[in-house]
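Enquirer: Give the three-dimensional model of this entry:
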Amino acid sequence: VSGGEDEIQQLQKALLDYLDENTETDASLVFSRKFYIAQWFRDTTMETEKAIKSQKDEDSSEGTHHAKDVETTGQIMHRAESRKKFLRSIIKTAPSQFSTLKMNSDTVDYEDACLIVRYLASMRPFAQSFDIYLTQ
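Expert: All right, here's what the predicted structure looks like:
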């Protein structure tokens, strides 16, 4: 899978597919699925707020690239809304219907799910700044 933001959404969908398929064997996976959706929604909101705040700070200090900043803010908002729309569509889908909406015919096994979780966790801000915390 390649394509930046689309890649992350495909990995998220694959992980949610795996969790949905295995809810019959482990009831805690229902909670895990809801937790991941809520966490990704929250992350999208936080990233958008930080990006807009940093652009406002740059705009007040520079003041000359206002039209470019407005366009970039629009792009940030559009990207955030597309992520939220993706997550809302997953929330609105009943778990029984969710497994029929798979992007791939391949199923994700336990090892693949663990790898996806590790990759998505490595994209989080704390994981990216862990070396800084460790050094300090």
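Enquirer: Could you use CA atoms for every contact and neighbour count after this?
Expert: Fine.
Enquirer: okay, and for the chain, where does confidence drop off?
Expert: Counting by pLDDT under 70, the chain shows low-confidence ranges at 1-5, 59-71, 93-106, 126-128, 130.
Enquirer: center of it - which residue?
Expert: Geometric centre of the chain, nearest residue: Trp40, 4.4 Å, by Cα atoms, centre = their mean.
Enquirer: Now do the contacts for that one.
Expert: With contacts defined as Cα atoms under 8 Å, 6 or more residues apart in numbering, Trp40 is in contact with Leu87.
Enquirer: By residue count, what's the longest helix in this protein?
Expert: Taking DSSP state H as the assignment, the helix of the chain that covers the most residues is helix 28-62.
Enquirer: Tell me the first helix or strand C-terminal of it.
Expert: Sequence order places helix 66-92 as the next helix or strand after helix 28-62, per DSSP states H and E.
Enquirer: quick one: buried residues of that next one?
Expert: For helix 66-92, a neighbour-count test (16 or more other Cα atoms under 10 Å) marks 69, 73, 76-77, 80, 83-84, 87, 90 as buried.
Enquirer: And it, what does it pack against?
Expert: Contact here means 3 or more Cα pairs under 8 Å, 6 or more residues apart in numbering; DSSP states H and E; on that basis helix 66-92 packs against helix 28-62.
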